[in-house]
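Colleague: 3D model of this:
(2 chains)
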Amino acid sequence: GESVGLHLPTLSVQEGDNSIINCAYSNSASDYFIWYKQESGKGPQFIIDIRSNMDKRQGQRVTVLLNKTVKHLSLQIAATQPGDSAVYFCAENISGGYQKVTFGTGTKLQVIP
Amino acid sequence: GAVVSQHPSRVICKSGTSVKIECRSLDFQATTMFWYRQFPKQSLMLMATSNEGSKATYEQGVEKDKFLINHASLTLSTLTVTSAHPEDSSFYICSAANGLAGVETQYFGPGTRLLVL
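Modeller: As a prediction, the model looks like this:
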C-alpha cells in the first residue's frame, strides 16, 4: 500500500534476539512479494522474496512468511545484529502485464547492543 | 547481485533550474528502469517506468513534462527535473531490471539526494 504519515513504525530489539517485522499488503491480486532493507541515505537492498504459491521461504538468518488469507507478510530475522539496523520495506508485485512493485510503509528496526 | 549506479549522489540547485540525474546498470543490460521518489521517513513512490527505446510510463499524479525521462540505451536512463522548486527536494532512486530475470528482480541504485533552494 501507499505510505501515509511522517512516522515510521519502530521495532527495538536486543542484539541476539529474533526480530519479526510485519506487513499488510493491499492487493489480493499480488502474487510476488519482496522484502528490502534500506540503510540511511542508501537505496533498497534485496533481502528475500516469495511467490504466492508458497507460504514460507528461508534464507540466511531470514524467513519470510506469507498468509494470503489475511494478506499478511512477515520477515523474521534470527539472532539480530547491529548491522541489521535499517528500515525494512515489504513490496508487492503482480506478474504479467504492466509490472510494477508497490512498496509498503516501512518499519525501522533498531538493534540495541 | 547486479550493480546500479547513480550520479550525482547529491545535488543542490537554485529554484527554477533543471537537474539531470543519471542511472546506469554497470554489469547487465536493463530493458526496464524505474524511477522512485522518497520523502523523509516515507516509503518509495514509483514515479515512472521506462523501457529502452520507448516513452516512459508515468504514474498518476506525476507530471511528465516536469520529470523528463530518457532511456536511450540498455545501460543508461536519465531523469531531468525541470524548473525545480523546493517541493521537489527529495531522495530520487532508480532501479533496473532485465527481461531475462523478470521485471520483479529490480536492482536499486544508491539514490540521489536533491535539495532545491
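Colleague: so the closest residue to B:Tyr107 other than its chain neighbours: helix, strand or coil?
Modeller: In space, and not counting its chain neighbours, B:Tyr107 is closest to B:Ala2: 4.3 Å by C-beta to C-beta, 6 or more residues apart in numbering or on different chains. Every residue, glycine included, has its C-beta placed from N, CA and C. When classified by DSSP: H, G, I helix; E, B strand; the rest coil, B:Ala2 comes out as coil.
Colleague: B:Ala2 against B:Ala96, yeah?
Modeller: Yes: assessed by C-beta atoms under 8 Å, B:Ala2 is found in contact with B:Ala96 at 7.2 Å.
Colleague: common neighbours of those two, please.
Modeller: B:25, B:28, B:107 (C-beta atoms under 8 Å, 6 or more residues apart in numbering or on different chains).
Colleague: quick check: phi and psi on the residue nearest to the spatial centre of chain B?
Modeller: Taking C-alpha atoms, centre = their mean, the centroid of chain B lies closest to B:Trp35, which sits 3.4 Å from it. Backbone torsions of B:Trp35, given as degrees, to the nearest 10, read phi -120, psi 130.
Colleague: and A:Glu15, by the same measure?
Modeller: The phi/psi pair for A:Glu15 (degrees, to the nearest 10) is phi -50, psi 130.
Colleague: that one contacts A:Leu109, correct?
Modeller: No: assessed by C-beta under 8 Å, A:Glu15 is found out of contact with A:Leu109, at 11.6 Å.
Colleague: neighbour count: these two, which is higher?
Modeller: Taking neighbours as other C-beta atoms under 10 Å in any protein chain shown, A:Glu15 and A:Leu109 compare with A:Leu109 leading, 20 against 13.
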